[in-house]
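Student: Provided below are the primary sequence and the corresponding predicted coordinates.
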Amino acid sequence: MHIEKSDLEWAASQGMIDGQQAETLWLALSEKTADRPRFSLVYILYFFGALVVIGAMGWFMTAAWEAFGGGGIFVISALYGAAFVGAGSRLWSRNGLKVPGGLLVTIGICMTPLAVYGLQRWLGIWAFDDPGEYKSFHRWIKGGWLIMEIATIGAGFLALRFFKFPFLTAPIAFALWYMSMDLTPIIFESTGFSWHERKLVSLWFGVVMIAGSYIFDHRTKEDYTFWGYLFGAIAFWGGLTLMKSDSEFSKFLYFLTNVSLMGLSVFLQRKIFVIFGAIGSFGYIGYLAFEVFTDSIFFPFIPTIVGTMILTCGILLHRHGKKIEQRFISAMPEWMKELRPHVRNIP
């Protein structure tokens, strides 16, 4: 639930509280949520600036940096990381500046793969194979990147012990997503691997990420699992969608899986699953229209009726959603209620 000052003023006008209580309560709530990210120009600038710096030291890295050599890359990136973490820790302790402080710490953590790459290049030590220049980290799937990803995950969890900032889970989830791809050449090293194996590893790694995020979702008051759910859904849905099958039954199972994702979205209170589920379901309906029933004059009427029924359900939920939800929850057994994550009230 999102509360605005006008809501408290309405409560005062209805005699539920007096005007002074409304003002005092609003000031207290404003102070309590001062360090929470919100959609405003200031916070947009905070996050955009952080993403620019992260991109500069990641996606936009050029081959020219290789001229510094492994030792130079390690020293520069380590100094960058230490400077950002140090500056972030200073802001973190100041009232109202936890968000920029946490973002600076996150930038420092995002220097980890570059620093580890420089160290490995300097020492000539690679866990599996030499993956090539750092600019290929975001382009090619190779087992040689694994140590960089493990180090990033470890650094992220270490930072979370000292800075309770949910966005710190973004580099952790991102590194886990990359790991899901880079594990494929490691697992199938002896037999070789195909695109099918890559998709299979991605699918199951996505399941593990979603399950892990769900477990953590029960243990935290703030939302530390958004990025885990996001990249877990990308890995799972991407691997599932890219799989090819000539079986109509397999395609129908794909459709049912996407419908289940939409149901999971309601259970977990996460919109990301309904987005992927809707895209997958719509893709299956498109397949039926253009491949299976391409010459049928009656087929266009069927999805029209189904779509109209879905819209009608949406209208009914809008009008009576609270009552339906309360009845649905009250009908749940206690063990199922306890399985649902906490409701997230994020401004």
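Tutor: Here it is on my side, so go on. Computed from a prediction, not measured in an experiment: that's the story for all the values here.
Student: Give me the most central residue, the chain.
Tutor: Nearest to the mean C-alpha position of the chain, by CA atoms, centre = their mean, lies W227 at 2.3 Å.
Student: Give me the distance between it and G108.
Tutor: Plainly put, W227 is 17 Å away from G108 if you go by CB to CB, to the nearest Å. The way it works is simple: take the backbone N, C-alpha and C, and place the C-beta from them, glycine included.
Student: just F293 next, same as before
Tutor: Taking CB to CB, one finds F293 at 55 Å from G108.
Student: Compare the two (neighbour count), which wins?
Tutor: G108 (24 against 14; other CB atoms under 10 Å).
Student: My guess is the more buried one contacts G81. True?
Tutor: Yes. Taking contacts as CB atoms under 8 Å, G108 lies within contact range of G81: 4.4 Å.
Student: what secondary structure does I141 sit in?
Tutor: coil (DSSP: H, G, I helix; E, B strand; the rest coil).
Student: Burial check on it, number of neighbours?
Tutor: Residues near I141, counting by other CB under 10 Å: 16.
Student: Tell me how far it lies from G228.
Tutor: On the measure of CB to CB, I141 and G228 end up 21 Å apart.
Student: and what of F293?
Tutor: For F293 relative to G228 (CB to CB), the value is 39 Å.
Student: need the contact list for L230.
Tutor: 173, 272 (CB atoms under 8 Å, 6 or more residues apart in numbering).
Student: just checking, next helix/strand downstream of the helix or strand where it lies?
Tutor: Following DSSP states H and E, the helix or strand that holds L230 is helix 226-242. Following helix 226-242 in sequence order, the next helix or strand is helix 248-268 (DSSP H and E).
Student: Tell me which other helices or strands that next one touches.
Tutor: helix 226-242, helix 271-287 (3 or more CB pairs under 8 Å, 6 or more residues apart in numbering; DSSP states H and E).
Student: Of these, which stretch is the most buried?
Tutor: Mean neighbour count (mean count of other CB atoms under 10 Å) peaks for helix 226-242 among these, with a mean of 22.
Student: what's the angle between that one and helix 248-268?
Tutor: Taking axes from the mean of the first three to the mean of the last three CA atoms, to 10 degrees, one finds that helix 226-242 is oriented at 170 degrees with respect to helix 248-268.
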